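>>> Only the shape, not the letters, is given here:
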């Protein structure tokens with residue numbers, strides 16, 4: 001295929017940033033595009049595992065804190081901790097859809113709501129309404145690291161996750177220059193919170209080629 005064929009398939013606007021970063025070399029631009037896809041593929045599994053472990057930890061914490069095995073559905077009601085949650089309508093829809101299908105359980109609801117639902121719980125209002133106890137899900141967190149700092153870092157992970165979910169590039173810096181710093185920094189931040197949750201990289205990512213040097217080196221070399 002000619003470069004123009006790839007432009008027709010992916011759109012010039014999508015490929016232009018790769019072309020600019022590779023000084024107009026179309027072969028290098030397409031190679032960089034493919035390496036970005038490979039990098040995103042690797043992070044899909046990393047983020048999937050992190051999200052599952054984090055939401056399960058929060059779910060177990062609040063089940064115990066409220067003494068309620070169905071705490072999300074309870075707390076979404078008027079007067080509850082989640083009454084003004086920005087994802088409230090999505091949660092209510094998930095409850096309604098699962099109930100209509102005869103499949104409702106707390107576990108299915110937990111897996112149905114978005115990552116943003118969970119990270120929002122670390123903002124000031126729900127954190128306070130939930131008894132200011134949510135940081136207990138991070139038993140190995142750095143001493144003195146508080147609610148606001150944790151929320152901000154989880155937001156960084158969420159924003160990185162959304163880049164991948166929306167098929168955006170993760171191989172550039174803020175100036176549009178070719179760079180693997182975002183990928184490396186994001187991976188380090190994810191590992192930091194894996195450790196905070198009481199696990200290690202070797203346990204949760206055992207057997208996975210998580211951040212292969214081969215892909216990073218190829219991007220650096222272009």
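Looks like it came in fine. This is a predicted model, so every value here is computed, not measured. Numbers count the residues shown, from 1 in each chain.

>>> Residue 176: neighbour count?
Neighbourhood size, residue 176 [other Cβ atoms under 10 Å]: 12. Any C-beta I mention is one placed from the backbone N, CA and C, and that applies to glycine too.

>>> Oh, that last question was meant for residue 151, not what I typed.
Neighbour tally, residue 151, other Cβ under 10 Å: 17.

>>> which ones are touching it?
119, 122-123, 127 (Cβ atoms under 8 Å, 6 or more residues apart in numbering).

>>> from the residues you listed, which would you call buried?
Among these, those classed as buried by 16 or more other Cβ atoms under 10 Å are 119, 122, 127.

>>> on that earlier part again, including secondary structure, could the contacts of residue 151 go into CSV?
What follows is the contacts of residue 151, written out as CSV (DSSP: H, G, I helix; E, B strand; the rest coil):
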residue, secondary structure
119, helix
122, coil
123, coil
127, helix
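
>>> Tell me which other helices or strands the lowest-mean-pLDDT helix or strand in the chain touches.
Averaged element by element with mean pLDDT, DSSP states H and E, the chain has its least confident helix or strand at helix 213-221 (a mean of 84). Where contact means 3 or more Cβ pairs under 8 Å, 6 or more residues apart in numbering; DSSP states H and E, helix 213-221 is packed against helix 26-66.

>>> What is the neighbour count of residue 19?
The burial count for residue 19: 19, using other Cβ under 10 Å.

>>> Spit out the contact partners of it.
By Cβ under 8 Å, 6+ apart, the contact list for residue 19 reads 25-26, 29.

>>> Got a quick PyMOL command for the buried subset of those residues?
Selection of buried members from those for PyMOL, criterion 16+ other Cβ under 10 Å:
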select buried, resi 26+29
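
>>> how much space between residue 109 and residue 59?
Between residue 109 and residue 59 the computed distance is 9 Å (Cβ to Cβ, to the nearest Å).

>>> oh, I was asking about residue 1
47 Å.

>>> Of these two, which one has the most company?
Neighbour count, other Cβ under 10 Å: between residue 1 and residue 59, residue 59 has more, with 20 against 8.

>>> From residue 73, how far off is residue 106?
Distance from residue 106 to residue 73, by Cβ to Cβ: 8 Å.

>>> what's the answer for residue 32, then?
From residue 32 over to residue 73 (counting by Cβ to Cβ), the distance is 46 Å.

>>> Looking at these two, which one has more neighbours?
Taking neighbours as other Cβ under 10 Å, residue 32 and residue 73 compare with residue 32 leading, 24 against 19.
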